[in-house]
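J.: Fold the stuff below for me.
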Amino acid sequence: MSRVGKKPIPIPENTQVTVSDGRLTVRGRNGQLVREIHPAMQLEIAGGQVRVQIGQELKNARALQGLTRSLVANMITGVSRGFERVLEINGIGYRAELKGNTLVFQLGYSTPKEFELPEGIRATVEKNTVIRLSGIDKEALGRTAAAIRRLRPPEPYKGKGIKYAEERIQRKAGKTGTK
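T.: Reported below is the predicted structural model:
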C-alpha cells in the first residue's frame with residue numbers, strides 16, 4: 001500500500017501546474033517541464049496542492065500512485081529550486097575543463113575524452129577536479145552524471161577515477177609479496 005502516493009504536494013509561489021489530456025505541465029522561475037501521466041492516474045489541483053488519485057483499479061495502481069507522486073514532486077522542485085549533482089575526479093594528472101557546452105577530460109587515456117552536455121544541463125568545473133552539474137530535470141541530471149562517471153569509474157585499489165561527491169569507495173588491499 002502506497003503511503004507516499006497519498007501525500008499532497010504543495011505548490012510553491014510563482015509555480016503554475018496544469019493538466020490537460022494526460023499531460024502535466026509545470027512552469028516556474030527556472031523553466032518549464034512537461035510529462036505524460038499514466039492513464040490510470042488522475043491529478044487534482046486545488047488549494048495550492050496537487051493530489052494524485054487512482055483513476056482505474058489496476059494490479060499495480062498503488063505503486064503507480066507513489067511513482068507518479070514522486071515524479072510530480074520532482075518536477076515542481078526542479079522548476080522552483082533546481083537540482084545539483086557534484087562529481088569528483090581522483091588521480092594524478094586526471095582533470096576536466098569546460099569548453100563551451102563540452103566537458104573535456106584527461107583521464108589517463110592516450111587521448112582526451114569529450115562529453116557533450118545535453119540540453120538543460122549546465123556544468124561548472126572547480127579546481128580542475130570538481131564538476132558541478134545543475135538542471136531542472138532530475139532524471140536527465142542523474143543520467144548525465146552517470147554517463148560522466150562511466151568515462152572512468154573509480155577503481156578499488158587506489159581510488160582513481162570519477163566518483164560522486166557523496167560516494168564512498170570501498171578500498172581493497174593490494175598484493176603482498178612474500179619472499
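
J.: okay, stretch 151-159 in CSV with CA atoms only?
T.: What follows is stretch 151-159, C-alpha atoms only, in CSV (Å, rounded to 0.1, in the frame of the first residue of the first chain):
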residue,chain,number,x,y,z
LEU,A,151,34.0,7.5,-18.6
ARG,A,152,36.4,6.3,-15.8
PRO,A,153,34.7,4.6,-12.9
PRO,A,154,36.6,4.7,-9.6
GLU,A,155,38.8,1.6,-9.1
PRO,A,156,39.0,-0.1,-5.6
TYR,A,157,42.8,-0.2,-5.2
LYS,A,158,44.0,3.5,-5.5
GLY,A,159,40.5,5.1,-5.8
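
J.: average model confidence for it?
T.: The average of the pLDDT scores along stretch 151-159 is 86.

J.: now stretch 116-129
T.: 90.

J.: Then stretch 92-102?
T.: Here stretch 92-102 scores 89 as its mean pLDDT.

J.: next one: that stretch to chain centre, how far?
T.: Centre-to-centre, stretch 92-102 and its host chain are 21 Å apart (C-alpha atoms, centre = their mean, to the nearest Å).

J.: can you check stretch 142-162 too?
T.: With C-alpha atoms, centre = their mean as the basis, stretch 142-162 stands 16 Å off its chain's centre.

J.: Look up phi and psi at N14.
T.: Here the main-chain torsion angles of N14 (degrees, to the nearest 10) amount to phi 60, psi 20.

J.: Show the model's pLDDT score for it.
T.: 87.

J.: Identify the residues contacting A165.
T.: Each residue near A165 by C-beta atoms under 8 Å, 6 or more residues apart in numbering is listed here: V86, L87, E88, V130. All C-beta spots, glycine's among them, are computed from the backbone N, C-alpha and C.
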